[in-house]
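# Pasting the sequence and the predicted model now:
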2 protein chains.
Amino acid sequence: MTPESRIYTAALIVIGDEILSGRTHDKNIAQVATWLQVQGIRLKEVRVVADETPAIVEAVNALRTRHDYLFTTGGIGPTHDDITVDAIAEALGVAVVIHPEAREILSAYYESRGGGLTEARLRMARVPEGASLIPNRYTGAPGIKWGNIHIMAGVPSITSGMLEALTGTLEGGAPLLSETIGCWVGESEVAALLGQTEKDHPGSQIGSYPFWRDGRTGANFVVRAVEPELLAACVAALVAGLAAAGKEAVPGGI
Amino acid sequence: MTPESRIYTAALIVIGDEILSGRTHDKNIAQVATWLQVQGIRLKEVRVVADETPAIVEAVNALRTRHDYLFTTGGIGPTHDDITVDAIAEALGVAVVIHPEAREILSAYYESRGGGLTEARLRMARVPEGASLIPNRYTGAPGIKWGNIHIMAGVPSITSGMLEALTGTLEGGAPLLSETIGCWVGESEVAALLGQTEKDHPGSQIGSYPFWRDGRTGANFVVRAVEPELLAACVAALVAGLAAAGKEAVPGGI
């Protein structure tokens, strides 16, 4: 298997009661998913769990060995409800320690803003033993990398900065390419065409996403493949098939 | 335990490659979460899985016995990538059958719109044996109820209609009440206050959600409790504590 043909996979654990209560609309799933695509890593599973140690421990241990990479968002701040580091350390069977570099970063950050490094703020320097840091250029408190686990903030703008810091550092494979075709057609009218086109192009996938807009029925078809030639051939076959059914394909989707 | 004090829990499985690829931003987690709150049911876990039978089977079997209710969204349309019904039937060890009432509904729907009930459209009448239907007033294709499992559409507006149809039909407990207080304060400055206030009010939870806006640091504190009196007492203590620290609480959050 060439490095390009190896498929790298990842899982994401979103930690937070605020997502499960509906109070906060999660933005990290889409953000991490999109970022992973560019790294050539496929997000295969997401779990959203409560701020409860057993739930976090179970999810971490279920997912960290199953995928090349595991990401978590949420629960690494200074307050009592931030239990991610302790829960992950428990899952890994290691101690929680103060990371000296994290302490320095936080100390410098809070000295310059007044107040210094209080006990609460020092909580954000705690890591599972053996961890390294993921830079956070927004608020001082770093993310944490332990083995294949990447522990990130829950606030989407900060998560984004941590992803940026990780860009290019993870080994990935060839990204899954995709192309979207829109069509003003009910997906049930072209279901056979979609299935047959996918079957005719082994290695491709066609996803069908219907919508109803202004009283009209349409669908976007997302064609995915690793090889650009296969992607192009599958898209061309689908466009031709739609045309044969008297339906115009809209490149890029509707 | 009185009916009010029994805690009802639910899990949600979001089925769809489009969410895992980052192409589509999920809206169903927040929608289902918010709806469940009103029903007095707590969403305890969400899993987002790919359009792959083993992934769906595993998630269904892991979650259906662990919670009072299981919900799924996505993968119940007419196309080849809609495999939810087959996967759930496999998880349950039952056959897939055509539901006569679903066939009638779909037949009437597509007769009135032309084209009639094609093979692809008939796929949407397939259910795990023993299921009943969840009405869908938007597009004809019904949702499916099997035991404690509720199989719903992935398109958020249609999911919404199915939730509406289910409103009031599920047994729930007392809803978890919540009240939000905003404050222009770094959460690390009041971390001790938050932890102590929660500890002083057993049964309450305080979530701390920091933000950075226009160069200022703030946080919203979400206090949750089942009993209104406990909620009010915990909120009052937190407001008083913030005031003692020279910080003004903003009711409803910032």
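Cool, the structure landed. All values derive from a computational prediction rather than experimental measurement.

# any chance you could map the strands in the stretch 101-250 of chain A?
With DSSP state E, counting those that start in this stretch as the definition, the stretch 101-250 of chain A shows strands at residue ranges A:126-128, A:132-134, A:143-146, A:149-152, A:177-183, A:205-213, A:216-225, A:250-251.

# Using TSV, lay out the ones you listed together with distance to chain B, mean pLDDT and mean neighbour count.
For glycine as for every other residue, the C-beta is placed from the backbone atoms N, C-alpha and C. Converted to TSV, those look like this (distance: least, Cβ to the nearest Cβ, whole Å; pLDDT from 0 to 100; neighbours: other Cβ atoms under 10 Å in any protein chain shown):
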stretch	distance to chain B	mean pLDDT	mean neighbour count
strand A:126-128	13	98	23
strand A:132-134	18	98	17
strand A:143-146	15	98	22
strand A:149-152	15	98	24
strand A:177-183	7	94	19
strand A:205-213	4	92	19
strand A:216-225	6	94	21
strand A:250-251	16	96	13
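
# I'd like those strands laid out as CSV, including distance to residue B:205.
Below are the strands of the stretch 101-250 of chain A laid out as CSV (distance: least, Cβ to Cβ, whole Å):
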stretch, distance to residue B:205
strand A:126-128, 22
strand A:132-134, 28
strand A:143-146, 25
strand A:149-152, 22
strand A:177-183, 41
strand A:205-213, 37
strand A:216-225, 40
strand A:250-251, 48
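
# Which one of these lies nearest to residue B:71?
With Cβ to Cβ as the criterion, residue B:71 lies closest to strand A:205-213 of the strands of the stretch 101-250 of chain A, at 20.0 Å.

# CA atoms only for that closest one, dumped as CSV, please.
Taking C-alpha atoms only, strand A:205-213 is exported to CSV below (Å, rounded to 0.1, in the frame of the first residue of the first chain):
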residue,chain,number,x,y,z
GLN,A,205,-19.7,7.4,-3.6
ILE,A,206,-22.8,9.4,-4.5
GLY,A,207,-24.7,11.1,-1.7
SER,A,208,-28.2,12.5,-2.5
TYR,A,209,-29.4,15.4,-0.5
PRO,A,210,-33.0,16.5,-1.3
PHE,A,211,-34.5,19.9,-0.6
TRP,A,212,-37.7,21.8,-1.0
ARG,A,213,-37.4,25.5,-1.8
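
# could you give the angle of that strand to strand A:177-183?
Here the directions of strand A:205-213 and strand A:177-183 differ by 40 degrees (axes from the mean of the first three to the mean of the last three Cα atoms, to 10 degrees).

# For strand A:205-213, give me every contacting residue.
When contacts are defined by Cβ atoms under 8 Å, 6 or more residues apart in numbering or on different chains, strand A:205-213 is touched by residues A:186-187, A:191, A:194, A:197-198, A:217-225, A:234, A:238, A:254, B:17-18, B:24, B:51, B:77, B:79-82, B:138-139, B:155, B:157.

# Pull up the pairing partners for that strand, direction included.
strand A:216-225 (antiparallel) (DSSP bridges).

# can you tell me which of the contacts of strand A:205-213 are in helices?
Judged by DSSP state H, the contacts of strand A:205-213 include A:191, A:194, A:197, A:198, A:234, A:238, B:17, B:18, B:157 as members of helices.

# Among those residues, give me the pair with the biggest separation.
Across the ones in helices among the contacts of strand A:205-213, no pair lies farther apart than A:234 and B:157, at 29.4 Å, counting by Cβ to Cβ.

# Between these two, which is the more surrounded one?
Between residue A:234 and residue B:157, counting by other Cβ atoms under 10 Å in any protein chain shown, residue A:234 is the more crowded of the two (23 against 13).

# Settle this for me: the more buried one is touching residue A:221, isn't it.
No - using Cβ atoms under 8 Å, residue A:234 is not in contact with residue A:221, being 10.1 Å away.

# Give me the neighbour count for residue A:185.
Other residues close to residue A:185 by other Cβ under 10 Å number 21.

# Tell me how far it lies from chain B.
Distance from residue A:185 to chain B, counting by Cβ to the nearest Cβ, to the nearest Å: 11 Å.

# Excluding chain neighbours, give the residue nearest to residue A:84 in space.
The shortest distance from residue A:84 to any non-neighbouring residue, by Cβ to Cβ, 6 or more residues apart in numbering or on different chains, is to residue A:75 (3.4 Å).

# residues in contact with the one you found?
A:15, A:16, A:51, A:56, A:81, A:82, A:83, A:84, A:85, A:87, A:154.

# okay, the last one: pLDDT?
This means residue A:154. On pLDDT, residue A:154 comes in at 96.

# Just read off the phi/psi values of it.
phi -90, psi -30 (degrees, to the nearest 10).

# Which of the three states applies to residue A:46?
Assigned by DSSP: H, G, I helix; E, B strand; the rest coil, the conformation of residue A:46 is strand.

# what's around it, how many residues?
26.

# Dig out what it forms beta bridges with.
Here residue A:46, judged by DSSP bridges, has bridge partners residue A:12, residue B:48.

# if I pick it, what's in contact with it?
Counting by Cβ under 8 Å, 6+ apart, residue A:46 touches A:11, A:12, A:13, A:14, A:29, B:14, B:19, B:20, B:46, B:47, B:48.

# With chain B as the reference, measure out to the fifth one.
Using Cβ to the nearest Cβ, residue A:29 is found at 6 Å from chain B.

# from memory that residue sits against residue B:19, does it?
Yes - Residue A:29 is within contact range of residue B:19, at 6.7 Å (criterion: Cβ under 8 Å).

# list the residues that contact both of these two?
With Cβ under 8 Å, 6+ apart, residue A:29 and residue B:19 have common neighbours A:46, B:25, B:26, B:48.

# Could you pull up the contacting residues of the last one?
The reference is to residue B:48. A:29, A:45, A:46, A:47, B:13, B:14, B:15, B:16, B:19, B:20, B:26.

# now those residues as a markdown table including pLDDT and distance to residue B:230?
Output for the contacts of residue B:48, formatted as a markdown table (pLDDT from 0 to 100; distance: Cβ to Cβ, whole Å):
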| residue | pLDDT | distance to residue B:230 |
| --- | --- | --- |
| A:29 | 97 | 33 |
| A:45 | 98 | 37 |
| A:46 | 98 | 33 |
| A:47 | 98 | 30 |
| B:13 | 98 | 33 |
| B:14 | 98 | 33 |
| B:15 | 98 | 38 |
| B:16 | 94 | 39 |
| B:19 | 96 | 37 |
| B:20 | 96 | 40 |
| B:26 | 95 | 33 |
